[in-house]
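**Q** have a look at this prediction, sequence included:
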Amino acid sequence: MAETVTPKPDSPETGTPESGTPESGTRENVRSLDLKVEVLARVEGEGGMHVRVRGNRVEDVKLNIFEPPRFFEAFLRGRQFTEVPDITARICGICPVAYQMSSCHAMEEACGVEVGGTLRELRRLLYCGEWIESHALHIYLLHAPDFLGYESAIHMAADFPEGVQRALELKKVGNELLTLVGGRSVHPINVKVGGFYKAPSRSDARAMIGRLEWARDASIETLRLVAGFDFPVFEREYEFVALRHPDEYPFNEGRLVSSAGLDVPISEFDRHFFEEHVEHSNALHGRRRHGGAYFVGPMARYNLNFDRLPASVQAAALEAGLEETVNNPFRSIVVRSVEMLYACEEALRILDGYEPPPAPAVEVTPREGVGHGCTEAPRGILYHRYRIGADGSVLDATIVPPTSQNQPTIEEDLKAFVEDHLHLPQDRLVWQCEQAIRNYDPCISCATHFLDLHLEEVE
Amino acid sequence: MPESPSDLLILALGNPDRGDDDLGAAVARRLRGRLSPGVELRELPGAADALLGAWEGRRDVLVIDASAASGAPGTVRRFDVADGPLPARMLSLSSHGFGLAEAVEIGRALGRLPERLRIVAVEGASFAPGNPLTPEVEEAAERLAAGLLDELGGS
């Protein structure tokens, strides 16, 4: 049984902390440390990480990222507003729906159109598919190996075939849902401003119900499995930011709220958040206007919207040992599993009694204006802002992906974690640093590559 | 649909918008419509789960993919999965850390490999978004496609 899997003896959580540091050694009272991981595996995309330690202090943490969405913003200018969902979907192979949804909502706001009823439900259904496939991948194949003491899912597969099979099947269900609503599972082609090109038939939709029921049960198994992992003790004070809707757990709509009391419409995003360029990274860093870091993604959504989860999902979360607020990012794997369960439940709710809409889309006529879109990608809020001309051409575009926003928080986590855990042997500390980065399921470039981890101690 | 599971399935992998990662699609463009009826050709982005699904129930599969740059662009390398594990770095081009090498090794662990699985990897030079194939890789795609048509009896 999957649940009998136990961490290997050499896993980071079960090892005995050791004092001293290898390689660079100790010189008088100033410790010297140089930890490097040439390629950080099991993240979406690639980037670089450099941690410099002097004595017992982390002097500097740098997350180096190359981020393509900047190019997209430039070449969107001059394109028709109707092309933007398909162009921006290309930014990411794992969360294309998020890009499509944020851009559609932004364009519809600019054009003064609201999409409701069954079309709105279908958008939520599409998002369920993306959350299921993205969360299943990260929970089992990218993050679980950290907790179970395996170098990768490949190494895990031999000892834990049931879990890997379950992950692949869950991901497949997510992909099938994307295909049902989006036309295909990678870079869906059925989404348009105003709705869809074609709505799924009733029979095709109903055929998914059995699959989703299996996925719901598999998500419950997943939750029980990850609830039994050992979690490093680590909590910080964060400002969580997510959408919040009056009636539902957020996918497409809501106000921007934070655990520090922010509560504004998404059109005010730019008044409260900004991106800054830092010397060490091509990627912009998202910050609050007052300068603080903030935290987006499953833990933020959960903490700010626990009361919007159905009672059955709330009960499953509490049974898994979560409280209504989670402050240890290493527990994000449990929260992600709660959200996968929610996505299955929500998909079943929508599929149950689904009738195709009278028309697959509402008419959208361009007009001069500005539109904002902010939706909940698997990794957190994805903000789009567009200005379009009367002829529907894009005049300027801003895209703020979730991982951009989480970068300062990831760096702060690493700083605090390393300072608290300098007693660990070097390889274990590096392992847990990587695990700490993976807590955020970073989609580092949404297409491009390279994350090396360097932990260097200066003398 | 395949004529029978024993027919050859060619899987051409990669992201056509990412420079030399277009290699799979570039070979596929040269093969499409010219292969004998017993050969099925499919293009895939290269995610491990999609690969495991694509070769499920198949006996003979040939995967064509670009491999990471290591100084010899256009070099063609062939692997038979039965010979042992793949060099993970060479084939780990998936942007999501879960690509061909993972599919092969997870497939091996789970007993989900075709009876015969061969991989042809062409070393790339640049994978920058929006760039075309580099000349060495374009030339390798041409040679590889011609060789496959010879080998497989296409037109």
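**A** Right, received. Where do you want to start?
**Q** tell me which element the most centrally placed residue in chain B falls in.
**A** Compute the mean C-alpha point of chain B, and by C-alpha atoms, centre = their mean the closest residue is residue B:64, 1.7 Å away. When secondary structure is defined by DSSP states H and E, residue B:64 falls within strand B:60-67.
**Q** pairing partners for that strand, with directions?
**A** strand B:8-13 (parallel), strand B:116-123 (parallel) (DSSP bridges).
**Q** in the sheet, which strands lie alongside the next helix or strand after that strand, parallel or antiparallel?
**A** Counting by DSSP H and E, the element after strand B:60-67 in chain order, helix or strand, is strand B:76-80. Applying DSSP bridges, strand B:76-80 is found paired with strand B:116-123 (antiparallel).
**Q** which helices and strands does the very next helix or strand once past the strand it pairs with pack with?
**A** Going down the chain from strand B:116-123, the next helix or strand is helix B:135-152, by DSSP H and E. Identification of packing neighbours for helix B:135-152 by 3 or more C-beta pairs under 8 Å, 6 or more residues apart in numbering or on different chains; DSSP states H and E yields helix B:23-31, strand B:76-80, strand B:116-123. Any C-beta I mention is one placed from the backbone N, CA and C, and that applies to glycine too.
**Q** mind doing that once more with 6 Å?
**A** Using 3 or more C-beta pairs under 6 Å, 6 or more residues apart in numbering or on different chains; DSSP states H and E as the contact test, the elements touching helix B:135-152 are helix B:23-31.
**Q** show me what counts as buried in the following helix or strand past the helix it packs on.
**A** Moving toward the C-terminus from helix B:23-31, the next helix or strand (DSSP H and E) is strand B:39-44. By neighbour count with 16 or more other C-beta atoms under 10 Å in any protein chain shown, strand B:39-44 contains the buried residues B:39, B:40, B:41, B:43, B:44.
**Q** now do stretch A:115-131
**A** Buried-residue list, stretch A:115-131, by 16+ other C-beta under 10 Å: A:115, A:118-131.
**Q** closest to residue A:359 among the residues you listed?
**A** Proximity of the buried residues of stretch A:115-131 to residue A:359 (C-beta to C-beta) peaks at residue A:119, which lies at 8.5 Å.
**Q** contacting residues around the strand or helix carrying that closest one?
**A** Element membership for residue A:119 (DSSP H and E) is helix A:117-136. Helix A:117-136 has contacts (C-beta atoms under 6 Å, 6 or more residues apart in numbering or on different chains) with A:94, A:97, A:167, A:170-171, A:174-175, A:177-178, A:181-182, A:195, A:251-252, A:336, A:340, A:343, A:346-347, A:350, A:357, A:378.
**Q** how about it as PDB, C-alpha atoms only?
**A** Output in PDB follows, covering the C-alpha atoms of helix A:117-136 (Å, rounded to 0.1, in the frame of the first residue of the first chain):
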ATOM      1  CA  GLY A 117     -23.800  31.300 -16.500                       C
ATOM      2  CA  THR A 118     -22.700  28.000 -18.000                       C
ATOM      3  CA  LEU A 119     -19.700  29.700 -19.700                       C
ATOM      4  CA  ARG A 120     -18.400  30.900 -16.400                       C
ATOM      5  CA  GLU A 121     -18.900  27.300 -15.000                       C
ATOM      6  CA  LEU A 122     -17.000  25.900 -18.000                       C
ATOM      7  CA  ARG A 123     -14.100  28.200 -17.200                       C
ATOM      8  CA  ARG A 124     -14.000  27.000 -13.700                       C
ATOM      9  CA  LEU A 125     -14.100  23.400 -15.000                       C
ATOM     10  CA  LEU A 126     -11.200  24.100 -17.200                       C
ATOM     11  CA  TYR A 127      -9.300  25.500 -14.300                       C
ATOM     12  CA  CYS A 128     -10.100  22.400 -12.300                       C
ATOM     13  CA  GLY A 129      -8.300  20.400 -14.900                       C
ATOM     14  CA  GLU A 130      -5.200  22.600 -14.800                       C
ATOM     15  CA  TRP A 131      -5.000  22.400 -11.000                       C
ATOM     16  CA  ILE A 132      -5.400  18.700 -10.900                       C
ATOM     17  CA  GLU A 133      -2.700  18.000 -13.500                       C
ATOM     18  CA  SER A 134      -0.300  20.600 -12.100                       C
ATOM     19  CA  HIS A 135      -0.800  19.700  -8.400                       C
ATOM     20  CA  ALA A 136      -0.600  15.900  -9.100                       C
END
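**Q** which is the succeeding secondary structure element to it?
**A** helix A:144-148.
**Q** just the buried residues of that next one, please?
**A** A:144, A:145, A:146, A:147, A:148.
**Q** and that helix, what does it pack onto?
**A** Going by 3+ C-beta pairs under 6 Å, 6+ apart, helix A:144-148 lies up against no helix or strand.
**Q** ranges for the strands of the stretch 351-459 of chain A?
**A** Ranges of strands in the stretch 351-459 of chain A, per DSSP state E, counting those that start in this stretch, are A:369-377, A:380-388, A:394-400, A:451-457.
**Q** chain B: which of those is closest?
**A** Closest approach to chain B among these (C-beta to the nearest C-beta): strand A:451-457, 9.7 Å.
**Q** re earlier: tell me the one of the buried residues of strand B:39-44 nearest chain A?
**A** residue B:44 (8.6 Å).
**Q** who touches that closest one in this structure?
**A** By C-beta under 6 Å, 6+ apart, the contact set of residue B:44 is B:11, B:13, B:50.
**Q** those into JSON lines, with extra columns for neighbour count?
**A** Output for the contacts of residue B:44, formatted as JSON lines (neighbours: other C-beta atoms under 10 Å in any protein chain shown):
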{"residue": "B:11", "neighbour count": "25"}
{"residue": "B:13", "neighbour count": "30"}
{"residue": "B:50", "neighbour count": "21"}
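**Q** okay, stretch A:83-93 in CSV with CA atoms only?
**A** Taking C-alpha atoms only, stretch A:83-93 is exported to CSV below (Å, rounded to 0.1, in the frame of the first residue of the first chain):
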residue,chain,number,x,y,z
GLU,A,83,-5.2,36.8,-30.2
VAL,A,84,-3.9,37.4,-26.7
PRO,A,85,-5.3,34.3,-24.9
ASP,A,86,-3.6,31.9,-27.4
ILE,A,87,-0.4,33.9,-27.5
THR,A,88,0.0,34.1,-23.7
ALA,A,89,-1.0,30.4,-23.3
ARG,A,90,2.4,29.7,-24.9
ILE,A,91,4.2,31.2,-21.9
CYS,A,92,3.7,28.0,-20.0
GLY,A,93,3.2,24.4,-20.8
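**Q** how far does it sit from its chain's centre?
**A** 17 Å (C-alpha atoms, centre = their mean, to the nearest Å).
**Q** list the contacts of that stretch.
**A** Applying C-beta under 6 Å, 6+ apart, the external contacts of stretch A:83-93 come out as A:69, A:72, A:96, A:99, A:100, A:103, A:104, A:186, A:187, A:191, A:446.
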